[in-house]
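>>> I need the structure of the sequence given here:
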Amino acid sequence: MRRMSVLLSVITVVLLGLFAIAYDPPGTTAQEATPGATAGHPFVGAWRMTNPAMREEAPILVVLHADGTYVQTEADGSVGIGSWVATGERSVAVTFVEQVTVAQETVTTFTFRAIGQVSPTGDTFTGTYTVEMTGPDGVSQGEYGPGTVEATRVAVEPMSTPVGSLEDLFAQLEPAPKGATPVP
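Below is the predicted model:
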């Protein structure tokens with residue numbers, strides 16, 4: 001059962017990680033990018049990313065910084081760290097790495113490489129990615145893919161009228177004591 005859970009987590013990371021995966025065009029490296037080219041890019045910001053093939057999975061939260069760094073976090077606590085570069089006015093390339101503990105507590109590294117495009121409105125993103133799995137021995141299993149991801153920008157929203165107190169909210173999140181009768 002644990003193996004299935006790990007496998008599903010890995011697949012989710014791979015598929016949802018598309019948004020954060022990088023593509024390295026032949027002859028171009030991140031060091032060759034124009035300094036500051038990412039500062040005003042519409043990719044900068046916070047995003048809620050999903051994989052169209054896995055709608056039942058929780059979205060991945062992604063932050064892309066103006067300095068070209070990339071951070072993502074998943075509902076299971078997995079974290080991806082990487083870099084991105086602007087490849088055009090609304091297009092990007094991303095590479096990020098995630099480490100997962102698998103069978104017998106060994107660490108497997110997943111490297112995601114993606115390309116994508118921010119919509120003209122700036123509130124959505126679509127991308128294509130591949131994932132490379134490297135075992136604890138440092139040997140790559142090769143790249144798999146491609147997969148796709150979609151993302152929507154996390155925008156600032158006004159507060160609305162509360163439906164209850166914070167205590168009410170937290171009470172809903174606490175498990176009922178053993179033997180307690182649920183209140184209808």
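
>>> Show the residue spans covered by the strands in the chain.
For the chain, strands defined by DSSP state E occupy the ranges 45-50, 60-64, 69-73, 79-86, 91-102, 106-118, 124-134, 140-153.

>>> The fifth one pairs with which strands, parallel or anti?
To tie it back to what came earlier, the one meant is strand 91-102. Looking at strand 91-102 with DSSP bridges, its partner strands are strand 79-86 (antiparallel), strand 106-118 (antiparallel).

>>> With distance to residue 150 and mean neighbour count added, can I get those strands in JSON lines?
To be clear about C-beta, it is placed using only N, CA and C from the backbone, and glycine gets the same treatment. What follows is those, written out as JSON lines (distance: least, C-beta to C-beta, whole Å; neighbours: other C-beta atoms under 10 Å):
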{"stretch": "strand 79-86", "distance to residue 150": "17", "mean neighbour count": "21"}
{"stretch": "strand 106-118", "distance to residue 150": "10", "mean neighbour count": "21"}
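
>>> And these: which comes nearest residue 165?
strand 79-86 (32.1 Å; C-beta to C-beta).

>>> Could you check the angle the closest one makes with strand 60-64?
40 degrees (axes from the mean of the first three to the mean of the last three C-alpha atoms, to 10 degrees).
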